[in-house]
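Structure for this input, please:
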Amino acid sequence: QVQLVESGGGLVQPGGSLRLSCAVSGFTLEYYAIGWFCRAPGKGREGVSFISSADGSTEYADSVKGRFTISRDIAKNTVYLQMNNLKPEDTAVYYCNAKNWIRGLDYWGQGTQVTVSS
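Here you go, the predicted structure:
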């Protein structure tokens, strides 16, 4: 059974940090690209950061470059999103997505709330 479970969200002051985790089961990270997406109140879902399956190369939205870092631990089957220098506009529900382009498979986690406020 495929599962993606996000954790690590919470309330943090501007300038603070959080580390989100996406623990996956039912498949291995080596064969899936993983993306972090966010949905802010009243807005659509947006891509935040991505890590490829093959070589672990990474991509970031312009709004988070230099502040967020995506990484993965294949042995633990977990992907992380280190979020530094958080801003109020980062407030959103953050979702983890796993995609296998070759097999056409696509999975989502349930999301974790991140609130940046003083």
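
surely Ser92 meets Trp36?
One thing to correct before we go on: residue 92 is Ala, not Ser. No - proximity of Ala92 to Trp36 does not meet the contact threshold set by CB atoms under 8 Å, at 10.4 Å. Bear in mind the C-beta positions are built from the backbone N, C-alpha and C, glycine included.

Looking only at neighbour counts, state which of these two leads.
Neighbours per residue (other CB atoms under 10 Å) separate Ala92 from Trp36, with Trp36 holding more: 27 against 22.

what about the more buried one, distance to Glu30?
As defined by CB to CB, to the nearest Å, Trp36 lies at a distance of 18 Å from Glu30.

For the residue most central in space within the chain, list each beta-bridge partner.
Nearest residue to the geometric centre of the chain (CA atoms, centre = their mean): Trp36, 2.8 Å. Taking DSSP bridges as the rule, Trp36 bridges to Ser49, Cys96.

now what about stretch 85-94, what contacts it?
The contact list for stretch 85-94 (CB atoms under 8 Å, 6 or more residues apart in numbering) reads 6, 9, 12, 14-18, 20, 36-41, 43, 48, 63-64, 67, 81, 83, 111-117.

out of those, which are inside strands?
6, 12, 18, 20, 36-39, 48, 81, 83, 112-116 (DSSP state E).

Now restrict these to buried residues only.
Neighbour-count burial (16 or more other CB atoms under 10 Å) is assigned, among the ones in strands among the contacts of stretch 85-94, to 6, 12, 18, 20, 36-38, 48, 81, 83, 112, 114, 116.

I'd like the residues you listed as JSON lines, with distance to Cys96 and pLDDT appended.
Shown next, in JSON lines, are those (distance: CB to CB, whole Å; pLDDT from 0 to 100):
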{"residue": "Glu6", "distance to Cys96": "5", "pLDDT": "97"}
{"residue": "Val12", "distance to Cys96": "19", "pLDDT": "98"}
{"residue": "Leu18", "distance to Cys96": "14", "pLDDT": "98"}
{"residue": "Leu20", "distance to Cys96": "8", "pLDDT": "98"}
{"residue": "Trp36", "distance to Cys96": "6", "pLDDT": "98"}
{"residue": "Phe37", "distance to Cys96": "8", "pLDDT": "98"}
{"residue": "Cys38", "distance to Cys96": "11", "pLDDT": "98"}
{"residue": "Val48", "distance to Cys96": "10", "pLDDT": "98"}
{"residue": "Leu81", "distance to Cys96": "8", "pLDDT": "98"}
{"residue": "Met83", "distance to Cys96": "14", "pLDDT": "98"}
{"residue": "Thr112", "distance to Cys96": "9", "pLDDT": "98"}
{"residue": "Val114", "distance to Cys96": "13", "pLDDT": "98"}
{"residue": "Val116", "distance to Cys96": "19", "pLDDT": "98"}
